[in-house]
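Colleague: Return a 3D structure for these sequence lines:
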Amino acid sequence: MFIKKITKRNKENGVMYQTYRLVRSYRMDNKPRHETIIDLGTLPNIEMSKHKQLADRIEELLYNSKTFIESKIDENVEFYAQFFYNEILKKQNNSLSIQNNSKDVKPEQIPDDEQNEDLSPDFQEVDLNSFDTIESKNIGGEWLCFQAFDEMGLSKIFSDTLKYSSKEYQQAISCLTGRLLYPGSDNRTALYLNENSGISHLFSDNERSSVVDRKSLVKISEKFYHNKEIIERQLNKNIQNVLQYQPKLLLYDLTNSHFEGRMKRSRKARFGRNKQKRYDCPQVSMAMAVDEFGFPQYSSTYEGNISEPGTLKELVTNISEKLKWTGNVKPIIVMDAGISSEENLIDLHNDGYDYICVSKSEHQKYRKLVIENELTDIFTGSGARLQVQSFENEIKYYVDDDDKVCKKKKIKKSDKNAENQEIITEKIIKEKLLYVKTELKKKKEDSILSEKRKKIEKELIGLQASILKPKADKKAEIINQRLGRIKERNKMVQSCYNISLTTENNIVTELKWEYIEKNKKEIESGSYFIRSSVTTTDEQSLWKLYRTIGEVEDVFRTLKSDLLMRGIFHQTDKNIEAHLYVCVIAVAVVNFIRYKLRKCKITHSWSEIVRIMSTQKCNINTIKRKDGATFVLKKCSRPIQKVKEIYKAMKYKNMPFFLKKTGIKN
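Modeller: Below you'll find the model as predicted:
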């Protein structure tokens, strides 16, 4: 074998360039002939003087021989030799025989149908010392995801609905698989797919391409986001058909993802309230609505400083449009306290949606009506006791002639001078308030309060010590400023203290503080109000409906911990949004698999599922026969018991194929 240089002309600009091929020389009718083994491209990182070494090394790998190269091989040459060697094996696809004489050795291929697992005897006289494993890659997680994509209809969405080409189809499947099994930057995910993953062995000939790189992952992610509406609509429909359910609840919440850089190229990266206390980093916010089983129904990306209540209107508009083509009944919207402003609740009711949320209001009027000895006991699924009491509440609001909500009442219908003026009508929302008290929540909040008390008292002691120092600056304005900063840093507990300063001639002489026993924080510890426009539900059912908000929290936890949504390595809004949407599709796959596994009492986290499935490998081995022929054997390892249990629960095949053999003769 040798490397042959080919000169070509670019049809667009007429520029001449060189490309290379690995060829084999043979004679036919006493004339020399060249057979192309594989195109090598432009080989930009290999010097001409090392082309022979590269060709010899590839031939050595193909025929499992040690006769060609005895000296130490250049690292760059070895890298390209291994790469093109793997490409030749893929090109063979178990049907092409590579030879260096005029006689072919036809490859033997075993059907990969599970029913044909029992192989007929194939006795060969081989050299055991020549046995070598040239490749061992993960196949278990890839095969699980591959079958899940088919069952969810994702594969058909890419190939049939969106009409992706074979190359785009492989990139789409690889992109999602990489995000599910090895999340991180696109560069690291591409390395995993090329060097550690056996995903390429699951594609047919016309779908298989040579390599997945960072740019192709970014490009296909952008394509996903461009087709977001189609994918979202079709995927939700497929999942509901497979699992046979109709969503009745819609759980809505927001999360944020911060960046380490300055993000000057992004318009949405803004400084804002950060739940991880990373106020030094710009961030973006992502809103997501999931159904009661945790499947994403809606997602959108916002500026990092967006007001959470202000995002609800877009959700309602989007869901209303979706209901037009699905024909489903309007779901109950379940929200966290950060989104449940009274204005949003009125808008939801006016649009025909029921709601359940934690109340932002303190409802002091109803707290006074709570009778501790007469609270009703209800129990959670884990057996924890809650004490509840329900109340009836009303929200008054006003609408104009077009049934649009107005902020205040302007003119009454009875006003005689209102003939040519807009008439405002008063309306009332009847809702149920559920007072909830739990000992577990009380213990948690009391513990937090205790830690906050220690912190503020330590700072007050420090301020007091500085006042007692003879040379310290004790001017009233300076001490008041320092005291104000202490209160600002301890907003949660500063109202629990009576703090006073004694001054003489504008000089502070003494600082005193006293903890207020039975303060508001202590009294309200462990209790909260749930409010809902669903008034016909009993206390136990209403609390259970609200606690489904845990599903969206679980989805966010999976996004951040298992799928590493927060590790955003992009700079532009287009790429940022595409990255986030790939994570949304991935979390739908995770939830689909875990939903089916939970039905069979398998409750592993996604990271644990990935770890278990990584025990199944795809191995490519070579062994020499007595006559000099080399056999390449591709075989999947048998799944361990835990992997079998997962396949059984999912009702999937255990192995993508059993044994594929290719003969290569010297």
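Colleague: what's around Ser405, how many residues?
Modeller: Just to correct that, residue 405 is Val rather than Ser. 15 (other Cβ atoms under 10 Å). (C-beta placed from N, C-alpha, C; glycine too.)
Colleague: ok, now Arg273?
Modeller: So Arg273, with other Cβ under 10 Å, has 15 neighbours.
Colleague: and what of the one 4 residues further on?
Modeller: The burial metric for Lys277, expressed as a neighbour count using other Cβ under 10 Å, is 7.
Colleague: Ser136 looks like it's in a helix, true?
Modeller: No. Assessed with DSSP: H, G, I helix; E, B strand; the rest coil, Ser136 is strand; it does not lie in a helix.
Colleague: OK, contacts around it?
Modeller: 617-620 (Cβ atoms under 8 Å, 6 or more residues apart in numbering).
Colleague: Among these, which lie within strands?
Modeller: Judged by DSSP state E, the subset of the contacts of Ser136 located in strands is 617-620.
Colleague: Which one (most neighbours) among the contacts of Ser136?
Modeller: Cys618 (25 neighbours).
Colleague: picking up where we left off before, nearest to Arg611 among the ones in strands among the contacts of Ser136?
Modeller: Lys617 (13.8 Å; Cβ to Cβ).
Colleague: Is it possible to get a markdown table of the ones in strands among the contacts of Ser136 that adds distance to Leu483 and pLDDT?
Modeller: Converted to a markdown table, those look like this (distance: Cβ to Cβ, whole Å; pLDDT from 0 to 100):
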| residue | distance to Leu483 | pLDDT |
| --- | --- | --- |
| Lys617 | 65 | 94 |
| Cys618 | 67 | 92 |
| Asn619 | 70 | 91 |
| Ile620 | 72 | 90 |
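Colleague: State the pair within those that is farthest apart.
Modeller: So, these by Cβ to Cβ: farthest apart are Lys617 and Ile620, at 10.3 Å.
Colleague: Mind pulling the model confidence for the residue nearest to Trp606 when sequence neighbours are not counted?
Modeller: Nearest non-adjacent residue to Trp606, counting by Cβ to Cβ, 6 or more residues apart in numbering: Asp562, 4.3 Å away. Among the per-residue scores, Asp562 holds a pLDDT of 84.
Colleague: so how far is stretch 474-484 from its chain's centroid?
Modeller: 48 Å (Cα atoms, centre = their mean, to the nearest Å).
Colleague: As CSV, could you dump the C-alpha coordinates of that stretch?
Modeller: This file holds the C-alpha atoms of stretch 474-484, laid out as CSV (Å, rounded to 0.1, in the frame of the first residue of the first chain):
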residue,chain,number,x,y,z
LYS,A,474,-17.6,56.5,66.7
LYS,A,475,-19.4,59.2,64.8
ALA,A,476,-23.2,58.5,64.7
GLU,A,477,-23.4,58.6,60.9
ILE,A,478,-20.5,56.1,60.6
ILE,A,479,-21.9,53.7,63.1
ASN,A,480,-25.4,54.0,61.7
GLN,A,481,-24.0,53.2,58.2
ARG,A,482,-22.2,50.1,59.5
LEU,A,483,-25.4,49.0,61.4
GLY,A,484,-27.4,49.5,58.2
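Colleague: Give me the mean pLDDT for that stretch.
Modeller: Mean predicted lDDT for stretch 474-484 stands at 91.
Colleague: Phe569 contacts Thr189, correct?
Modeller: No. Judged on Cβ atoms under 8 Å, Phe569 makes no contact with Thr189 at a distance of 10.4 Å.
Colleague: the more surrounded of the two?
Modeller: Neighbour totals were compared for Phe569 and Thr189, and Thr189 leads with 23 against 16 (other Cβ under 10 Å).
Colleague: How about residues contacting whichever helix or strand that one is part of?
Modeller: Using DSSP states H and E, the element containing Thr189 is helix 186-195. Outside helix 186-195, the residues that touch it by Cβ under 8 Å, 6+ apart are 174-175, 177-179, 181-183, 199, 211-214, 216-218, 221, 569.
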